[in-house]
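Asker: Mind folding the following:
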Amino acid sequence: MAAGDRDHRSRSGAPEPGFERRIGLFQATAINMSQMCGIGPFVTIPLMVTAFGGPQAVIGFVAGAVLALADGLIWAELGASLPGAGGSYVYLRQAYQYRTGKLMPFLFVWTAMLFIPLAMATGVIGFVQYLGYLWPGMTQTQGDVTGLVFIAVVVALLWRRVENIARITAVLWAVMLVSIILVIIAAFSHFSPHLAFTYPAHAFAVTTNHFWLGFAAGLTIGIYDYGGYNTAAYMGAEIKDPGRTLPRAIVWSIFGIMTVYLLLQIGTLGVVDWHEMLDPNSTAGSSVASAVLERTWGRRAADAVTVLILVTAFASVFTGLLGGSRVPYDAAREKVFFRPFGTLHPRHRFPVLPLVTMGVIGAIGFLIGRHTDLNTLIQLLTTVMVIVQALSQVLAATVLRRRQPGLRRPYRMWLYPLPSVVAAVGWIVIYGYADRSSPGRHPIEWSLVWVAAGCVAFVLWAAYEKVWPFGPREISEEYLDSSAAGTDPEDEPGTTEPAQA
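Answerer: Next up, the predicted model:
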């Protein structure tokens, strides 16, 4: 067998082909940064300004970076010690199996099949939004069709081997950097400190409810913009030397994107009056980066860079669907999700059904978002993600330290447990703010309904499969066992044993 090949075995002992470790540090960092810095900052700068009511909106990007770093350190520790396909699925399965069997990983996959495609849908919405700058006469129907074709093209390009995808990702990452850098250079070539640093009265009045409501809104938008620092962790089974590569890719991508975002935000505010951004029907409110280029280097330059921004949007959706499509694979292979989701393409070695399903759900989410608004879609996907993944994973890091102290941990989060505390507080603030930001839409209630539906689905599935609570708990500690043996957990089949009563 080739060095990169993996030979997993199913519960019946039949051989099952696995992923190949082909992605290095540069490619993993590029995948993270491409997902983080897609269309997000180009469409959310006006939303951030609206939330804070002025150029002090920079606070939102700083707050988002702090939460992303705290949560990213949790991902780094878990990803380094449990480098399997599916990211959070693996972490939650390992941490919560001792008391609730397969409930938490089932709920995560159930939820991920919704929130990952919804995140991709926001990128497609941003793509169509900026395309409107180049195509001012575009109708609603034409925009809808364009977005659907966009999603179909992304799925078609992902229909290939991962090493070929990694090369495509590196190219898209380079285009992303060029588009961001050009906007930043253009902004600072005509930068007005008066515009960027003239704040409205009481902008920093931290004793008022208005400031803290703006902060909560800004934190929500900020973490949405930083979302993607964990994309490579979903591909843990395809990462070379994951114990070193994943922590570095996560931390480097967060610091790199934080620098880019701050320069982009400040530079934009130094060219476009923030009052103009409050109007979503204006160019400054819908295509602020294009407005910056038009006012500094002229219309032709604005058109050219807008094309690069569209490529950047494509890169974000491409890498997000690339990582997200890996989530159901490991769950299905472990019989915690519908079994067809655990099948790889016989020649190209990628999960077929997860990719297609997420593409379809993303298309539906895109159409829904196009006929509501972007901020509401962000709130809906965030609340669903927070309640099942984010908060559960913060606790999982501590649970695993107690339950599996012998687990090999190439990386341990800095200043533990401070990052866990900061991350938990940040996620709770975001979740609690959701209903206030979307009156009449009830994102918290909808997230609870979705989780409740997932619990019902789990009970029906568990009764059919005869697992906990209708059978014995199955304890699978393949990563712990492999650590003790000094082997790569991806080289050995997992071990499963019934829990003692």
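
Asker: any idea how far the residue nearest the centre of the chain is from residue 319?
Answerer: Residue closest to the mean C-alpha point of the chain, counted by Cα atoms, centre = their mean, is residue 228 at 3.7 Å. Using Cβ to Cβ, to the nearest Å, one gets 7 Å for the distance from residue 228 to residue 319. Where you see a C-beta, it was placed from the backbone N, CA and C, and this is true even at glycine.

Asker: Touching both of these two, which residues are there?
Answerer: Each of 34-35, 38 lies in contact with both residue 228 and residue 319 under the rule Cβ atoms under 8 Å, 6 or more residues apart in numbering.

Asker: Out of these, grab the one that's most surrounded.
Answerer: Within these, most neighbours by other Cβ atoms under 10 Å means residue 35, with 34 neighbours.

Asker: pretty sure that one is touching residue 312, no?
Answerer: No. Using Cβ atoms under 8 Å as the test, residue 35 is too far from residue 312 to be in contact (11.0 Å).

Asker: Which pLDDT value goes with residue 11?
Answerer: We have a pLDDT of 37 for residue 11.

Asker: just to revisit the earlier point, excluding chain neighbours, what is closest to the residue nearest to the centre of the chain?
Answerer: Nearest residue to residue 228 in three dimensions, chain neighbours excluded: residue 35, at 3.0 Å (Cβ to Cβ, 6 or more residues apart in numbering).

Asker: would that neighbour count as being in a strand?
Answerer: No. Assigned with DSSP: H, G, I helix; E, B strand; the rest coil, residue 35 falls outside any strand and is helix.

Asker: who's in contact with it?
Answerer: Residues counted as contacts of residue 35 (Cβ under 8 Å, 6+ apart) are 227-228, 231, 316, 319-320, 323.

Asker: Can you turn the buried part of those residues into a PyMOL selection?
Answerer: Buried subset of the contacts of residue 35, written as a PyMOL selection, criterion 16 or more other Cβ atoms under 10 Å:
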select buried, resi 227+228+231+316+319+320+323
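
Asker: Just the buried positions in stretch 62-70, please.
Answerer: Across stretch 62-70, burial judged by 16+ other Cβ under 10 Å covers 63-70.

Asker: Stretch 109-125 too?
Answerer: Buried residues in stretch 109-125, counted by 16+ other Cβ under 10 Å: 109-125.

Asker: distance between that stretch and the chain's centre?
Answerer: Taking the mean of its C-alpha atoms, stretch 109-125 sits 9 Å from the chain's own mean (Cα atoms, centre = their mean, to the nearest Å).

Asker: got it, and stretch 285-292?
Answerer: Centre-to-centre, stretch 285-292 and its host chain are 24 Å apart (Cα atoms, centre = their mean).

Asker: Contacts made by it with the rest, please.
Answerer: For stretch 285-292, the surrounding residues in contact (Cβ under 8 Å, 6+ apart) are 42-43, 45-46, 129-130, 132-133, 183, 186-187, 267-268, 271-272, 276-280, 283-284, 302, 305-306, 309.

Asker: which regions of this structure sit below the pLDDT cut-off?
Answerer: For the chain, the stretches with pLDDT under 70 are 1-18, 161-166, 169, 330, 345, 348, 373-375, 437-441, 481-501.

Asker: Which residue ranges of it form strands?
Answerer: Counting by DSSP state E, the chain has strands at residues 7-9, 15-17, 474-476, 496-498.

Asker: circling back: go through the buried residues of stretch 62-70 and say which is closest to residue 350.
Answerer: Of all these, residue 350 sits closest to residue 68, with 27.7 Å by Cβ to Cβ.

Asker: do you know how far that closest one is from residue 455?
Answerer: For residue 68, the distance to residue 455 (Cβ to Cβ) stands at 29 Å.

Asker: how close does residue 246 get to residue 75?
Answerer: For residue 246 relative to residue 75 (Cβ to Cβ), the value is 8 Å.

Asker: what about these two, which has more around it?
Answerer: Between residue 246 and residue 75, residue 246 has the larger neighbour count (other Cβ under 10 Å), namely 30 against 26.

Asker: burial count for the nearest residue to the more buried one once chain neighbours are set aside?
Answerer: Nearest-residue entry for residue 246: residue 79, 4.0 Å, with adjacent residues in sequence omitted and distances by Cβ to Cβ, 6+ apart. By the criterion of other Cβ under 10 Å, residue 79 has 31 neighbours.

Asker: Ok, residue 159 next?
Answerer: Residue 159, neighbours per other Cβ under 10 Å, totals 13.

Asker: and it, backbone torsions?
Answerer: phi -80, psi 60 (degrees, to the nearest 10).

Asker: right, and it touches residue 350 too?
Answerer: Yes. With contacts counted by Cβ under 8 Å, residue 159 reaches residue 350, the gap being 7.4 Å.

Asker: Give the intersection of the neighbour lists for residue 246 and residue 75.
Answerer: With Cβ under 8 Å, 6+ apart, residue 246 and residue 75 have common neighbours residue 233.

Asker: Now the terminal residues of stretch 377-394, how far apart.
Answerer: 24 Å (Cα to Cα, to the nearest Å).

Asker: got the buried residues for that stretch?
Answerer: Buried residues in stretch 377-394, defined by neighbour count with 16+ other Cβ under 10 Å: 377-394.

Asker: Ok, stretch 33-48 next?
Answerer: Buried residues in stretch 33-48 (16+ other Cβ under 10 Å): 33-48.

Asker: which one of the residues you listed is nearest residue 236?
Answerer: The closest of the buried residues of stretch 33-48 to residue 236 turns out to be residue 35 (Cβ to Cβ; 15.3 Å).
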